[in-house]
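> Sequence isn't available, so here's the structure alone:
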């Protein structure tokens, strides 16, 4: 029998992927389209229908926009699908659920589509239920989500920091970098960050506890800038940008330095990547370079939350979010990342 | 009172460093000269006068031949001194000793000059007394010395091999590479090596247990050669050469691959090092690259010896040495390394 008078479908606006991207992505590589979503999950299904509340703008998305290699299943799985909504990490609320661990009204964060409603099938390695709502929900796309876990794993696990060591962070005012600086201070390190504007450099020094910072766009010689900030060299580099900056860092790295290679945003849009001239420095200085992705450390998430939540509640960690309102602003917010290298988020709706 | 009738000095032939090297070293960058050595150490001294028995030809020496940076004490200390004998690792016999742990006739290995006699002051981080003489003494410059420890630390500690993983070794017939192949087989891995001649490729397959091998000089496309040998990709790369090979390996590396960066011999003689085009692969594939030097793992030497000696005694490890006779052949043997990339040794004298 039909549920007469009960609304069981809704319009679902989506951010659709138009075509594979070569070089810098443009807003026109994405477009908004409306579809219809069933507000009930099919009986017997393990799916959860969620209403998306916040979506994270993540530089990593760029790696999913290129044309995949048809001979590589991994590459095909990683790439966005033309004509379908793009996806990423977001905060959402369950509207209907066939999953035993989720009920209507539950909040969660994890992988969702860039759309008003998504149908997901949560697993412990894809979604986390949100139990702490005394902190801003948007934090689960930042400080308490992937960027936070990235900073935590990259700094504490990959870099093994010791008190008194020197730390350099590129894209330091970004979603990850602003936390790495604060973690470095907690660990008793000397920390310097680079960013792309004077305004961001000020933020680094006044809000995020960086001991020093510079605007890389104003430096003619990156290696000289690093030498000025680190006359004794760099022990730890939290790598977010790659390219010329990595080369300059290797020149200034100390023996036994560690590099957490979190991202190389400067390279994602180049048709020809920049080359590295001093690879042999890794041998000469016995450096460790470790690529990593936070999604592979979800087993540490609850430990991470235990660590970070008290700091957040006591106001000991500063986190600056840049929230655009409304799904229609999603494409410009995402594309803007590659021009300003910040850690933006899109707030779809207030709860 | 003078010791009338007792010879207390001897002629000491030495391999002298003529001048800093730029590009490929030549035999004429070194020359032989005779000096005189006192056969007694001064009373009260902790020094040991040794007669050198074997000297190791080590590609690492090239890094000490370049002009040092006067503003860097480390660089100055590392470089050979013009007009003085070069130095390296060797096997030697104590002739006279003021050191409580060494007496006349003791055998040892560690840092010595390229000369007939050296005066050393042994420390636990510079010299090891040789207790096992049922194996060839020359092995302490190879299998049981720095090359052996390098292969052991690099493979077992840096690469964390798991059974069934795929391993690639460059300069695979060298002093280190021939052991890495055999360690990889012991660990249940599939291992492929590259070398610079058909003869070496044969050695790899018939003597050193490599599952497959190729002559990199005969391959137009290194990446294609690796794809042929590793259709499923490479888990572990034992890096001895750098340059284009590293680039090709990164292309063929599997997710979570590990690279032990032991040396980059292809780069040492280049005025302009080759560039790396695919650095961002380290992030995309979450690869770990670790530069290391065996001399920083001397605390593991006795554990290493406990591991390797039984294999040597049972004939389970093959080790091919290329021994030149006589100090006068030292320069050509050392320089030859950079043309054939083998792991040579100079036998000064038979005991």
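Received it, and whenever you're ready, just let me know what you need. Note that the structure is predicted; figures quoted are calculated from it, not measured. Numbering: from 1, shown residues only, chains lettered A, B, ... in the order given.
> Spell out which parts of the stretch 51-200 of chain A neighbour chain B.
Residues of the stretch 51-200 of chain A found near chain B (C-beta under 8 Å from any C-beta of the partner chain) are A:63, A:74. Where C-beta positions appear, they are placed from N, C-alpha and C, glycine not excepted.
> same thing but at 10 Å, please
Near chain B, the residues belonging to the stretch 51-200 of chain A are A:60, A:63, A:74, A:78, A:158 when assessed by C-beta under 10 Å from any C-beta of the partner chain.
> Dump these into TSV; add secondary structure as well.
Shown next, in TSV, are these (DSSP: H, G, I helix; E, B strand; the rest coil):
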residue	secondary structure
A:60	helix
A:63	helix
A:74	helix
A:78	helix
A:158	helix
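> ok, those vs residue A:29, which is closest?
Residue A:29 lies nearest to residue A:63 out of these, by C-beta to C-beta, at 14.2 Å.
> Would you mind confirming that the closest one makes contact with residue B:285?
No - judged on C-beta atoms under 10 Å, residue A:63 makes no contact with residue B:285 at a distance of 11.6 Å.
> now the closest residue to chain B within the stretch 251-351 of chain A, nearest residue through space, not along the chain?
Proximity of the stretch 251-351 of chain A to chain B (C-beta to the nearest C-beta) peaks at residue A:275, 3.6 Å away. Counting by C-beta to C-beta, 6 or more residues apart in numbering or on different chains, residue A:275 lies nearest to residue B:275, which is 3.6 Å off, once chain neighbours are set aside.
> tell me the contacts of the one you found?
Residue B:275 makes contacts with A:247, A:274, A:275, A:276, A:277, A:278, A:279, B:243, B:244, B:247, as judged by C-beta atoms under 10 Å, 6 or more residues apart in numbering or on different chains.
> who are the neighbours of whichever helix or strand residue A:290 is part of, in terms of helices and strands?
Following DSSP states H and E, one finds residue A:290 within strand A:288-291. Applying 3 or more C-beta pairs under 10 Å, 6 or more residues apart in numbering or on different chains; DSSP states H and E, one finds that strand A:288-291 contacts strand A:234-239, strand A:253-261, strand B:253-261, helix B:281-284, strand B:288-291.
> Using JSON lines, please lay out those together with mean neighbour count and distance to residue B:54.
JSON lines is the format used below for the helices and strands packed on strand A:288-291 (neighbours: other C-beta atoms under 10 Å in any protein chain shown; distance: least, C-beta to C-beta, whole Å):
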{"stretch": "strand A:234-239", "mean neighbour count": "26", "distance to residue B:54": "38"}
{"stretch": "strand A:253-261", "mean neighbour count": "22", "distance to residue B:54": "29"}
{"stretch": "strand B:253-261", "mean neighbour count": "22", "distance to residue B:54": "26"}
{"stretch": "helix B:281-284", "mean neighbour count": "23", "distance to residue B:54": "39"}
{"stretch": "strand B:288-291", "mean neighbour count": "24", "distance to residue B:54": "27"}
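> Figure out which of these is closest to residue B:307.
Ranking these by their distance to residue B:307 (criterion: C-beta to C-beta) puts strand B:253-261 first, at 17.3 Å.
> all helices of chain A, in order?
Residue ranges of the helices in chain A, as given by DSSP state H, are A:73-78, A:146-152, A:177-186, A:198-206, A:222-229, A:244-252, A:265-268, A:281-284, A:301-313, A:330-340.
> Going by mean pLDDT, which of the ones you listed comes out lowest?
Lowest mean pLDDT of those: helix A:265-268, a mean of 69.
> Residue of the stretch 101-250 of chain A closest to chain B, please.
Here the stretch 101-250 of chain A gets closest to chain B at one residue, residue A:242, 5.7 Å apart by C-beta to the nearest C-beta.
> And the stretch 51-200 of chain A, by the same measure?
Checked against chain B (C-beta to the nearest C-beta), the nearest residue in the stretch 51-200 of chain A is residue A:63, 6.9 Å away.
> Number of residues surrounding that residue?
Using other C-beta atoms under 10 Å in any protein chain shown, the number of residues around residue A:63 comes to 18.
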